[in-house]
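>>> got a structure for you, letters missing:
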């Protein structure tokens with residue numbers, strides 16, 4: 001199709017004279033355009049929620065989540081995927097990012113990497129995508145061949161497919177179970193989709209994985225109770241989470257965390273149920289790994 005007709009390629013009349021502005025004027029102009037992003041994403045909240053429900057369903061079937069994109073879209077997918085294990089204690093294989101051009105494309109431009117649908121399909125074959133998985137294609141313009149090739153392959157094996165684009169004109173060319181299409185408008189700099197489209201992508205991906213992790217029991221209240229205490233910052237946060245939920249002192253929380261081998265969720269169950277680490281793991285397994293189901297609402301300070 002004629003890419004000049006795509007919203008992501010159109011010239012933004014509000015910023016046509018941005019090169020004439022003062023430094024403060026440039027910053028204000030960019031900021032005023034960025035202010036439009038959240039409301040555009042909000043209009044897609046029902047589709048985003050439906051996508052989350054699909055992801056959760058597939059996780060419970062033993063499936064995985066793949067983000068597929070090129071350039072900025074691919075990098076943001078890899079970023080979101082890489083942050084899930086330390087935040088929620090999930091295996092690195094549960095959420096994966098696939099970028100056209102491979103690892104080198106994370107830090108540099110790989111010209112032409114996005115233009116091959118076969119390469120996208122081959123990437124899905126390499127990842128052994130199966131029917132229980134979910135593949136999220138990310139393409140600001142909605143037309144990236146690598147992404148379309150990946151989704152076609154994923155559909156062929158029965159995987160659920162979701163497509164995130166910012167060009168409404170591309171929707172008729174997209175085949176996916178759910179199409180998420182926040183219309184953020186033309187970019188501040190014509191065609192520079194690392195800007196508004198990139199910011200909107202980060203917002204949507206944050207929602208997909210965060211909501212999915214909440215729905216699968218990785219969060220208690222708004223506390224990341226499945227994180228792993230693998231460095232000083234995370235040890236400190238783990239202790240504070242235990243203190244918040246149980247009312248224990250810092251010293252007692254640290255001692256309990258050690259007994260639980262650095263795992264917050266079992267530590268809390270051990271305290272509340274006055275049991276061993278083995279008992280805590282059994283109860284959590286019986287509760288589908290939900291701390292809420294295992295211990296109920298927040299116990300009173302110092303309760304056992």
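Noted; the coordinates are in hand. Everything numeric in this text was worked out from a predicted model, so none of it was measured.

>>> for residue 56, identify the helix or strand it belongs to.
helix 45-60 (DSSP states H and E).

>>> who does that helix touch, helix- and strand-wise?
On a contact count with 3 or more Cβ pairs under 8 Å, 6 or more residues apart in numbering; DSSP states H and E, helix 45-60 meets strand 65-69, strand 134-138, strand 160-164, strand 178-180, helix 196-215. C-betas here are computed from N, CA, C, even on glycine.

>>> within its sheet, name the partner strands of the third one and how each one runs.
I take that to be strand 160-164. The strands beside strand 160-164 in its sheet (DSSP bridges) come out as strand 134-138 (parallel), strand 178-180 (parallel).

>>> can you give the distance of stretch 60-75 from its chain's centre?
Remark: stretch 60-75 is offset 9 Å from the chain centroid, using Cα atoms, centre = their mean, to the nearest Å.

>>> err, stretch 150-158, not the other one
Its chain's C-alpha centre and that of stretch 150-158 lie 21 Å apart, by Cα atoms, centre = their mean.

>>> so which bits of it are buried?
Using 16 or more other Cβ atoms under 10 Å as the test for burial, stretch 150-158 gives 150-155.

>>> which of those fall within helices?
Members of the buried residues of stretch 150-158 lying in helices (criterion: DSSP state H): 150-155.

>>> what's the closest of those residues to residue 172?
Checking these against residue 172 with Cβ to Cβ, the nearest one is residue 151 at 15.1 Å.

>>> tell me the pLDDT at residue 1?
Note on residue 1: pLDDT of 63.

>>> what's the nearest residue to residue 290 if we skip its chain neighbours?
Distances taken as Cβ to Cβ, 6 or more residues apart in numbering put residue 217 closest to residue 290, at 3.7 Å, once the chain neighbours are dropped.

>>> ok so, going back, for the strands paired with strand 160-164, give me JSON lines that also has mean pLDDT and distance to residue 62.
JSON lines is the format used below for these (pLDDT from 0 to 100; distance: least, Cβ to Cβ, whole Å):
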{"stretch": "strand 134-138", "mean pLDDT": "98", "distance to residue 62": "12"}
{"stretch": "strand 178-180", "mean pLDDT": "98", "distance to residue 62": "21"}
